[in-house]
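> Quick one, fold the following:
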Amino acid sequence: MFLGTHTPRLDDKGRLFLPAKFRKDLAGGLVVTRGQERCLYVFAMSEFERITTAMNSTPVTSRAVRDFQRVFLSAASDEIPDKQGRVTIPAVLREYAGLSRECTVIGAGARVEVWDTTAWNEYLSATEESFSEQSEEVIPGLL
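Numbering: from 1, shown residues only. Reported below is the predicted structural model:
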């Protein structure tokens, strides 16, 4: 499970140092792809395989399914971290997420998210209040 907030930097070659606490779970390979809210999702290879297997059971006749799969999979990049725990973020994904040198990496349970730091701070500022004021269960049975 991936947890916490980290602030690594992109180097001049578009490489990102994975947080040390995430490296073991991602050492065998990972997939980085477009996420929602203009961040990037990073999945351990096994989790990404589970997701794509589930996608294969969805109806190809649904336009929404096709649209989601195309956007989600078309820029997906499989990577293996180097010995220092760095992964290259392809240019198309850096552009999608608006990544500059300053990044915020968050653990989001089964995935890691990579955000431009300014975008993350704006997102968090906009959503923290509604989170604290939530008066009904968003995920039934969770709390």
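> Next, the residue sitting nearest the centre point of the chain: secondary structure please.
By C-alpha atoms, centre = their mean, the mean C-alpha position of the chain lies nearest to residue 41, the distance being 1.6 Å. Under DSSP: H, G, I helix; E, B strand; the rest coil, the three-state class of residue 41 is strand.
> Can you tell me the closest non-neighbouring residue to it?
residue 35 (3.8 Å; C-beta to C-beta, 6 or more residues apart in numbering). C-beta: built from backbone N, CA, C; applies to glycine.
> burial of the one you found, as a residue count?
For residue 35, the tally of surrounding residues (other C-beta atoms under 10 Å) stands at 20.
> now residue 117
16.
> try the one 3 residues further on
By the measure other C-beta under 10 Å, the count of residues near residue 120 is 21.
> pretty sure it contacts residue 104?
Yes - if you go by C-beta atoms under 8 Å, residue 120 and residue 104 touch, sitting 4.1 Å apart.
> Which stretches in the chain count as helices?
Ranges of helices within the chain are 20-26, 45-55, 63-74, 91-97, 117-132, based on DSSP state H.
> Those: lowest mean pLDDT?
Looking at the helices of the chain, the lowest mean pLDDT belongs to helix 117-132 (a mean of 91).
> Buried residues in it, which are they?
117, 119, 120, 123 (16 or more other C-beta atoms under 10 Å).
> okay, these in JSON lines with distance to residue 57 next?
Compiled in JSON lines, those are given as follows (distance: C-beta to C-beta, whole Å):
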{"residue": "117", "distance to residue 57": "37"}
{"residue": "119", "distance to residue 57": "33"}
{"residue": "120", "distance to residue 57": "33"}
{"residue": "123", "distance to residue 57": "31"}
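> The residues you listed: which two are farthest apart?
Maximum pairwise distance among these (C-beta to C-beta): 10.7 Å, between 117 and 123.
> list the contacts for residue 121?
residue 104 (C-beta atoms under 8 Å, 6 or more residues apart in numbering).
> For residue 77, see how far away it is.
26 Å (C-beta to C-beta, to the nearest Å).
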